[in-house]
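S.K.: Compute the structure for the input listed below.
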Amino acid sequence: MNSVGQYSAFADVAIFEAVRTPWVDLGGALSQVSPIDLGIKVGREVLARAGVDPLAVDSVLAGSMAQASFDAYLLPRHIGLYSGVAQAVPALGVQRICATGFELLRQAAEQLRDEVQLALCVAGESMSRNPIAAYTHRDGFRLGGEVQFKDFLWEALYDPAPGLDMIATADNLARRYGLSREAVDRHACDSHQRALQAQRDGAWAEEIVTVDNQVFELEGYQPRGISLARRAGAVSVDSHPRPTDLAALARLRTVHPDGVQTAGNSCAVVDGAAAALVGRASACTHPPLARLLASAVVGVAPEFMGIGPAPAIRLLLQRSGLHLGDIGRFEINEAQAAQVLAVAQELELDSTRLNVQGGSLALGHPLAATGLRLVMTLARQLRQHNLRYGIASACVGGGQGMALLIENPTYRA
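M.R.: Numbers count the residues shown, from 1 in each chain. Okay, the predicted model is just below:
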């Protein structure tokens, strides 16, 4: 095994189609919807758009982070069944925190080496339904003892190994790479402006499926469905991108007194789901959305976890024989502004090729689903601009980085 990470190359793997729901702000229209039902919605839609009979699917891979419903254990299985996949087809839960969407695609590609011909990959995330939880009260409450319920959504940001939250790890990178508060605010401002322009241009229209109240039937079993938050109508666009400026961002207080990260230059908290259909490129009757060429995943120091994409991208390029100049677009998850700027500085990335439609600072970051969103956004950019290669990457809480290399199947030199 490579001592600096894990690299996999794929010879005949394609992403046939990929879709997502809109990313909707915490407490918004999707806030009462289980991630299972969001996953069923996109699972059904990706199969329909690809023109594939659900009974042709050989494997279901699904991911979600926090348990956001009491039937959370059943998420992969129920997504498969209610998407119309045959009852005999197994389902597997996948988790690599912020890189779960990437890991779904990697696992699908690995399964295609064997008997699997077609894999349905789905990620659903409800940040709004993250629980208020207690882990120490199964045996009851002691007389006069402390009753300790905590907000899972907030507490999950803390890594007890270095004794730091995720924001503090980005502040560490800001100090290491000499990033000022003005620089990180400027990146956040640019992310929102790029996202707003992309939204006006309809850049995400092809990948977004409208979500409305809906019932999912499964013969012989109880129906499931989507019920939007009260008074919410059908949702068809990302809700978080908004006009902002440096002056407004500068007025926000930093999370830590000696840091640069604020609520305005950290990723938005949103709900959403995404799905991709993965199969053999040689089986495609028309050009797929993208060819999946390789993946790389590495470990980094937890206290600098946000730098993870840099060594992952380096490993991906080194083993694939490509160079930075060969890559037409990079989509790197914007967990925090200081984090993505540190990665760009470390790799000496050209900003005109990085997150050109804005990133998670503007759109939001529904943990498990983000990787799939990055890949589908990247794939459509490559096709639109006749670029050959693209890399999508993300840092991972606890100290990891992951990156995927994709190729535009319609590229013409």
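
S.K.: which residues touch Leu354?
M.R.: Neighbouring residues of Leu354 by CB atoms under 8 Å, 6 or more residues apart in numbering: 329-330, 332, 340, 344. All C-beta spots, glycine's among them, are computed from the backbone N, C-alpha and C.

S.K.: in this protein, which spans are helices?
M.R.: Listed in chain order, the helices of the chain (DSSP state H) span 35-50, 75-82, 100-111, 152-155, 166-176, 181-200, 246-250, 309-320, 337-347, 360-363, 367-384.

S.K.: Tell me which two of the contacts of Leu354 sit farthest apart.
M.R.: Distance extremes for those: the farthest pair is Arg329 and Val340 at 14.5 Å, using CB to CB.

S.K.: For these two, indicate the residue with more neighbours.
M.R.: Neighbours were counted for Arg329 and for Val340 using other CB atoms under 10 Å; Val340 has more, 31 against 24.

S.K.: Need the pLDDT of the closest residue to the more buried one other than its chain neighbours.
M.R.: Excluding the flanking residues, the one nearest Val340 by CB to CB, 6 or more residues apart in numbering is Glu334, at 4.8 Å. If you check Glu334, the pLDDT there is 97.

S.K.: looking at it, Glu334 is touching Gln261, isn't it?
M.R.: No. Counting by CB atoms under 8 Å, Glu334 stays clear of Gln261, with 11.7 Å between them.

S.K.: where are the low-confidence patches of the protein?
M.R.: In the predicted model, the chain carries pLDDT under 70 at residues 1-3.

S.K.: which residue of it sits farthest from its center?
M.R.: Leu143 (44.1 Å; CA atoms, centre = their mean).

S.K.: From Ala275, how far out is it?
M.R.: Computed as CB to CB, to the nearest Å, the Leu143 to Ala275 distance reads 50 Å.

S.K.: Glu219: neighbour count?
M.R.: Counted with other CB under 10 Å, the neighbours of Glu219 add up to 4.

S.K.: Need phi/psi at it.
M.R.: Main-chain torsions, Glu219, degrees, to the nearest 10: phi -60, psi 130.

S.K.: Grab the most central residue of the chain for me.
M.R.: Taking CA atoms, centre = their mean as the criterion, Thr370 is the residue nearest the geometric centre of the chain, at 1.1 Å.

S.K.: is it true that that one touches Arg96?
M.R.: No. Judged on CB under 8 Å, Thr370 makes no contact with Arg96 at a distance of 11.3 Å.

S.K.: Who are the contact partners of the residue nearest to Gly401 when sequence neighbours are not counted?
M.R.: Nearest non-adjacent residue to Gly401, counting by CB to CB, 6+ apart: Gly308, 2.3 Å away. When contacts are counted by CB under 8 Å, 6+ apart, Gly308 is found next to 298, 300, 394-396, 399-402.

S.K.: Show the backbone phi and psi for Gly308.
M.R.: phi -50, psi -40.

S.K.: Please report the distance of it from Tyr7.
M.R.: Taking CB to CB, one finds Gly308 at 15 Å from Tyr7.

S.K.: for Leu196, same thing?
M.R.: 37 Å.

S.K.: can you pull the contacts of the residue nearest to the centre of the chain?
M.R.: 98, 101, 333, 360, 394 are the contacts of Thr370 under CB under 8 Å, 6+ apart.

S.K.: again with Glu348
M.R.: Shown in contact with Glu348 (CB under 8 Å, 6+ apart): Leu324.

S.K.: how about a cut-off of 7 Å?
M.R.: Not one residue lies near Glu348 by CB atoms under 7 Å, 6 or more residues apart in numbering.

S.K.: any idea how far it lies from Leu322?
M.R.: According to CB to CB, Glu348 and Leu322 sit 15 Å apart.

S.K.: same deal with Ile391?
M.R.: Per CB to CB, Ile391 is found 9 Å from Leu322.

S.K.: Same drill for these two, tell me which one is more crowded.
M.R.: Set Ile391 next to Leu322 and count neighbours by other CB under 10 Å: Ile391 wins out with 30 against 17.

S.K.: Dig out what that one forms beta bridges with.
M.R.: Judged by DSSP bridges, the bridge partners of Ile391 are Phe330, Leu405.

S.K.: ok, it touching Ile327?
M.R.: Yes. The pair Ile391 / Ile327 is scored as a contact, 5.4 Å apart, by CB atoms under 7 Å.

S.K.: coming back round to it: show me what contacts the residue nearest to Val340?
M.R.: Applying CB under 7 Å, 6+ apart to Glu334 gives the contacts 191, 267, 340, 355, 359-361.

S.K.: ok, 8 Å please
M.R.: Per CB under 8 Å, 6+ apart, neighbours of Glu334: 191, 267, 340, 355, 359-361, 365.

S.K.: burial of Gly27, as a residue count?
M.R.: Count around Gly27 with other CB under 10 Å applied: 13.
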